[in-house]
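> Requesting a structural model of the entry that follows:
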Amino acid sequence: MKRLGLLAAAAVALVVVFVLVVHTPPFRRLVLRYVISEVQRRYALRIDAARLDYNLAALTLGLADVRLAADRTPSAPFFQAGYLGVALPSRVLIGTIAFDGVNVTGGRIHLVRDRDGRLNIPESSETPSGEPAALDLRRLSVPRLLVDYADLQNDLAVTIPAVTLDMARDQGRVALNSPATIRVGNRETRVTSLDGGASFDGRALKLSSLSARADEASLQVDGTLSLLVRDPSLDVRIAGKMRRRP
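All right, here's what the predicted structure looks like:
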């Protein structure tokens, strides 16, 4: 019994030492380098981050000063954030890919379509067949997200200085914090307000009583928006009701 007690104490001590080691800055930097190289090799996606944080007991992780870019356009990242935090459910320990929550601070989405019609996002190697698997995400929180889209092929530009997203599977909200601008050629319009319900079920963005007001008119939308990114086009499907107000 004494030997068993000593063995148990030694095992506990080894576990404690292991937990302490894996949470040290040098070990975290090693893990970050491995993740960056694996993601680039498998998905042609470049990740740059100043720091990786994680807590094995709390099942949380985060990236500071993160940038995501396609392998072929490393100088034009399509996503940036001051901090990206992720909370994981306990079922990830048995191999399930799921997220309790994703929080983005200082986020920016920057999309560019060049004159050949290619976007600055990773290209799919093959056309997907059937519906993709649903993303198991309980909540997405992105305060004051900056979004800009430049289409050089069609001389189109969209700039959203700040929009707030707070979405769960069955409820949520999207709101414009600052006026957005849409330019087509020499014509430009301004969207002064955008507010309404929004939820994400893992496959599609569902909008409810979403109202938008521009300089020329106002709009109210109730429906579902599915976004599929394919090579080389961006396929957007909208189902529901859309009403234009004078």
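
> OK, contacts around Ala69?
For Ala69, the contacting residues are Leu45, Arg46, Asp48, Ser75, Ala76, Pro77, Phe78, Asn120, by CB atoms under 8 Å, 6 or more residues apart in numbering. (C-beta placed from N, C-alpha, C; glycine too.)

> Where does it sit: helix, strand or coil?
Under DSSP: H, G, I helix; E, B strand; the rest coil, the three-state class of Ala69 is strand.

> which residues does it bridge with?
Under DSSP bridges, the beta-bridge partners of Ala69 are Arg46.

> Would you mind putting the contacts of Ala69 into CSV with pLDDT, neighbour count and distance to Thr60 alongside?
As requested, those are exported to CSV (pLDDT from 0 to 100; neighbours: other CB atoms under 10 Å; distance: CB to CB, whole Å):
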residue, pLDDT, neighbour count, distance to Thr60
Leu45, 86, 16, 22
Arg46, 90, 18, 24
Asp48, 92, 14, 21
Ser75, 89, 6, 31
Ala76, 91, 15, 30
Pro77, 93, 19, 24
Phe78, 93, 19, 25
Asn120, 91, 19, 30
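
> Which ones among those map onto strands?
When DSSP state E is applied, the contacts of Ala69 are split such that Leu45, Arg46, Asp48 fall in strands.

> Could I get these in JSON lines, plus columns for distance to Val31?
Putting those into JSON lines (distance: CB to CB, whole Å) gives the following:
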{"residue": "Leu45", "distance to Val31": "17"}
{"residue": "Arg46", "distance to Val31": "17"}
{"residue": "Asp48", "distance to Val31": "15"}
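
> Closest one of those residues to Ala134?
Leu45 (20.9 Å; CB to CB).

> Let me see the contact set for the closest one.
Neighbours of Leu45 in contact, by CB under 8 Å, 6+ apart: Val39, Leu68, Ala69, Ala70, Asp71, Pro122.

> can you give me the helices for this protein?
Using DSSP state H, the helices of the chain run over 2-22, 25-43.

> where among the ones you listed is the average confidence lowest?
Sorting those by mean pLDDT places helix 2-22 lowest, at a mean of 55.

> ok, Thr192 to Ser208 distance?
Distance, Thr192 to Ser208, using CB to CB, to the nearest Å: 21 Å.

> Likewise for Asp170?
According to CB to CB, Asp170 stands 11 Å off from Ser208.

> which neighbours do those two share?
Common neighbours of Asp170 and Ser208 (criterion: CB under 8 Å, 6+ apart): Ser199.

> More neighbours: the two, which one.
Ser208 (16 against 9; other CB atoms under 10 Å).

> tell me the contacts of that one?
By CB under 8 Å, 6+ apart, Ser208 lies in contact with Gly196, Gly197, Ala198, Ser199, Asp222.

> Could you check how far the nearest residue to Ala64 once chain neighbours are set aside is from Leu32?
Of all residues beyond its chain neighbours, the one nearest Ala64 is Arg51 (4.2 Å), with distances taken as CB to CB, 6 or more residues apart in numbering. Noted for Arg51: a distance of 8 Å to Leu32, by CB to CB.

> which one of those two has more residues nearby?
When Arg51 and Leu32 are compared for neighbours, Leu32 comes out ahead with 18 against 14, by other CB under 10 Å.

> Which strand residues bridge the nearest residue to the more buried one once chain neighbours are set aside?
Closest residue in space to Leu32, ignoring its immediate chain neighbours: Leu52 at 4.0 Å, by CB to CB, 6+ apart. Counting by DSSP bridges, Leu52 forms beta bridges with Leu63.

> what about Leu52, neighbour count?
So Leu52, with other CB under 10 Å, has 21 neighbours.

> I'd like to know how many residues surround the nearest residue to Leu156 once chain neighbours are set aside.
Nearest non-adjacent residue to Leu156, counting by CB to CB, 6+ apart: Val184, 5.4 Å away. Burial of Val184 is recorded as 13 neighbouring residues (other CB under 10 Å).
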